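Participant: Sharing a sequence plus its predicted fold:
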Amino acid sequence: MNTRIGTIFAQEFRLARRNLWVGLATGILGLFAVVLGVFGAGQGAALDADALTLTAASLATLSVYLIPLIALLMSYDSFAGEIERGALALTLASPVRRWEIFVGKFAAQSLAVGVAILLAFGAAGAFLALSFGTGSEGIAAWMRLMATAFVLGSVFVGFGLMLSAMAGRTATAAASAVGLWLVLVVIYDLALLGSVMAASDGIFASQVFPWLVVANPADAFRLFNLALIETAPVAGIDGLASTLPFPPTVALAVLGLWLSAVLALGIRRTKRIVP
Amino acid sequence: MTQSILDIRNVSLSFGPLKALDGVTLAVSPGERLALLGHNGAGKSTLFKAILGFLAPGEGTITVAGHRPGSDAARIAMSYLPEVVSFPQSLTGREVLAYFSGLRGASRSEINGLLDRVGLADAAERRVRTYSKGMRQRLGLAQALIGAPRLLLLDEPTSGLDPVSRHDFYTVIAEAAARGCAVLLSSHGLEEVQGQTDRVAILSRGRLRASGTLAELAAAAALRTTIRVTAKQGHADRLQADLGGRRVNGCRLDIDCAPDAKLGLLLQLGHHRDVLHEIDVFAPGLNDIYRHFSDHEGDQA
Ligand SMILES: Nc1ncnc2c1ncn2[C@@H]1O[C@H](COP(=O)(O)OP(=O)(O)OP(=O)(O)O)[C@@H](O)[C@H]1O
Ligand SMILES: [Mg+2]
């Protein structure tokens, strides 16, 4: 890592810590994980599955909402705020390259989300495993959840930074971040569910629909986690997880593609900023 | 001939129909301090942004130490203090400097010296949130001095500073210039930069109206001195018949004259000692010189 990226990275990470983002995100994620775990453990006996596996499934469904939100909140102001305050002009006046700024910010904020996930889910997982017992299947499901949640967070940090660079103003960046979250996390699924009900032929439901679902990074994250948990309770769009026409690793590939796409687009937008 | 660090040739830059810069030509040599004066919206900040490579001129060329604005070499050679800047509130002064030092690839060991030089050594470990406006401005200056740049671009660096801080500010700038650093700074008034810079350039509506030392500008402006004579009741008419000038009211007369004709006129007034009540002499001030050059645009617009 060159010193300029390292410098940007260190400053951004320090800011994420000082501004209490890491602490806040850890608290929220940890709280939800423990509550879901304790709640799920009650039902676990009836379903004959261990608490960690069950919680991983329900936490995957919840994380789809929370993690993109946290990642967008952390990143949406990053460029826009600095442009408004005049701070970015100073950074750009130094011999730093624009892609280095983007990469430094991206790495630091992704790491901040990742640290929150590791601390929160790690502690909650350990607590659940010790309280209710678990097996290798449970541990594997939990590990997969943590790793993919980190990737999901990175994708949305990339989205947030890209929107921030594009908008150039805090208010616009905030609005577009909220819009993106609503579209990808809420509206997309509803629209797809609506269309699969409206479509009469089975081809759409069995061949096209699954690909459309997995094309969304948030859904890809959820599908990947649920598809690998046999005892996962299924409802709505998640029912798809047990009848996928492709291997679950496709969902991982989709996340990887989105990650590279937002990085490439974000760097392009950063190059166009006029401070 | 000394090689200039900053060379601006015939630069024009428009925002849509608005010509923010119109054929500006300007050069700054090593060790020289140049003040760029201009009214609000004259194009000062726009010129800085063009020098930094943030805005591309429609016409003309700019070189910084022989390099294109925005190139690595140009950015290494210069540093910048924008007119409005706020550093991250939750960082300490030292952390802010460490950040820019890292970006410029400078040695961290110079940070202490810089903090000392701008008088922030005691506040170095405090969060920027707790800094006063003057302290932030000084932190901005320290940031600009990192890595011993060859060209300092300071956009209204002393606006909002008290006279003592302003003086200290210019002392630091003079030290940098003494080391061979070229300084281009913008300001709103001649008084402020009087004695603090080697040359002055006046920008108005995007055009460069004048540039030179203060003495040169004063000579070029050749502004007339005004002598205001107040005569005793009933004698103003006779005075005007004798000396010319404009009547202001019943007993007051304004006489304009070239600076070198002033003494003769005053001697002449001596003959009318018995009817004089008072004499005021208004020599053209810095403000008048500035207005003289800035006002030209009025008749051309
Ligand atoms: N991004 C922009 N888009 C459109 N017009 C602009 C932009 N930036 C500056 N201008 C216009 O260009 C002109 C010059 O602006 P500039 O900021 O350079 O003035 P200035 O001399 O720095 O003034 P001040 O003393 O108020 O800082 C102004 O009329 C301003 O409205
Ligand atoms: Mg300005």
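Facilitator: Nice, thanks for sending it over. Residues are numbered from 1 along each chain as shown, chains lettered A, B, ... in the order given. Ligands and ions are numbered 1, 2, ... in the order given.

Participant: Could you use CA atoms for every contact and neighbour count after this?
Facilitator: Fine.

Participant: Report the contact partners of the residue in chain A that ligand 1 sits nearest to.
Facilitator: Nearest residue of chain A to ligand 1: A:V274, at 8.5 Å (Cα to the nearest ligand atom). Applying Cα atoms under 8 Å, 6 or more residues apart in numbering or on different chains to A:V274 gives the contacts B:54-55.

Participant: The same query, at a cut-off of 7 Å, please.
Facilitator: B:F54 (Cα atoms under 7 Å, 6 or more residues apart in numbering or on different chains).

Participant: and it, what pLDDT?
Facilitator: On the pLDDT scale, A:V274 is placed at 91.

Participant: In this structure B:R199 contacts B:L37, no?
Facilitator: No. The pair formed by B:R199 and B:L37 falls short of the contact definition of Cα atoms under 7 Å, at 10.7 Å.

Participant: Pick out whichever of the two has more residues nearby.
Facilitator: B:L37 (27 against 22; other Cα atoms under 10 Å in any protein chain shown).

Participant: Note down every partner strand of whichever strand or helix holds that one and its orientation.
Facilitator: Assessed by DSSP states H and E, B:L37 sits inside strand B:33-38. Strand B:33-38 has the following strand partners under DSSP bridges: strand B:182-187 (parallel), strand B:199-204 (parallel).

Participant: For the residue in the stretch 101-250 of chain B that chain A sits nearest to, give its distance to A:T7.
Facilitator: Closest approach between the stretch 101-250 of chain B and chain A, counting by Cα to the nearest Cα: B:L103, at 4.9 Å. Applying Cα to Cα, to the nearest Å, the value for B:L103 to A:T7 is 7 Å.

Participant: how many neighbours does the residue nearest to B:A236 when sequence neighbours are not counted have?
Facilitator: Among residues not flanking B:A236 along the chain, B:C251 sits closest, at 5.1 Å (Cα to Cα, 6 or more residues apart in numbering or on different chains). The tally of other residues near B:C251 (other Cα under 10 Å) stands at 18.

Participant: Could you pull up the residues touching B:C251?
Facilitator: Here B:C251 is in contact with B:230-233, B:236 (Cα under 7 Å, 6+ apart).

Participant: So which bits of the stretch 1-150 of chain B are right by ligand 1?
Facilitator: B:15, B:20, B:38-46 (Cα under 6 Å from any ligand atom).

Participant: Could I have the ChimeraX command that selects the buried members from those?
Facilitator: The buried residues among these can be selected in ChimeraX (16 or more other Cα atoms under 10 Å in any protein chain shown) with this line:
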select /B:20,38,39,42,43,44,45,46
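
Participant: In CSV: the residues of the stretch 1-150 of chain B next to ligand 1, plus pLDDT.
Facilitator: Shown next, in CSV, are these (pLDDT from 0 to 100):
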residue, pLDDT
B:F15, 96
B:A20, 96
B:G38, 92
B:H39, 91
B:N40, 93
B:G41, 93
B:A42, 94
B:G43, 95
B:K44, 96
B:S45, 96
B:T46, 97
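
Participant: Looking at the residues of the stretch 1-150 of chain B next to ligand 1, which one is closest to B:L223?
Facilitator: B:G38 (19.4 Å; Cα to Cα).

Participant: Going by distance to B:L185, which of the residues of the stretch 1-150 of chain B next to ligand 1 wins?
Facilitator: B:K44 (9.3 Å).

Participant: Phi and psi next, for that closest one.
Facilitator: phi -60, psi -50 (degrees, to the nearest 10).

Participant: Distance of it relative to B:L18?
Facilitator: Distance from B:K44 to B:L18, by Cα to Cα: 14 Å.

Participant: go on, B:T226?
Facilitator: 38 Å.

Participant: do the same with B:H188
Facilitator: 21 Å.

Participant: Counting neighbours, go ahead and name the busier of the two.
Facilitator: B:H188 (18 against 10).

Participant: I'd say the more buried one and B:G38 touch.
Facilitator: Yes. Between B:H188 and B:G38 there is a contact at 5.7 Å, judged by Cα under 7 Å.

Participant: helix or strand for B:L253, which one?
Facilitator: Going by DSSP H and E, B:L253 is in strand B:252-257.

Participant: Can I get that strand in PDB, CA atoms only?
Facilitator: Extracted in PDB, the C-alpha atoms of strand B:252-257 (Å, rounded to 0.1, in the frame of the first residue of the first chain):
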ATOM      1  CA  ARG B 252     -16.900  76.000   0.900                       C
ATOM      2  CA  LEU B 253     -14.700  75.400  -2.100                       C
ATOM      3  CA  ASP B 254     -13.100  72.200  -3.400                       C
ATOM      4  CA  ILE B 255     -10.000  72.600  -5.500                       C
ATOM      5  CA  ASP B 256      -8.500  69.600  -7.300                       C
ATOM      6  CA  CYS B 257      -4.800  69.700  -8.300                       C
END
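
Participant: Of all the residues in the helix or strand just after that strand, which ones are buried?
Facilitator: Proceeding N to C from strand B:252-257, the next assigned helix or strand is helix B:262-270, under DSSP H and E. Within helix B:262-270, the residues scored as buried using 16+ other Cα under 10 Å are B:262, B:269.
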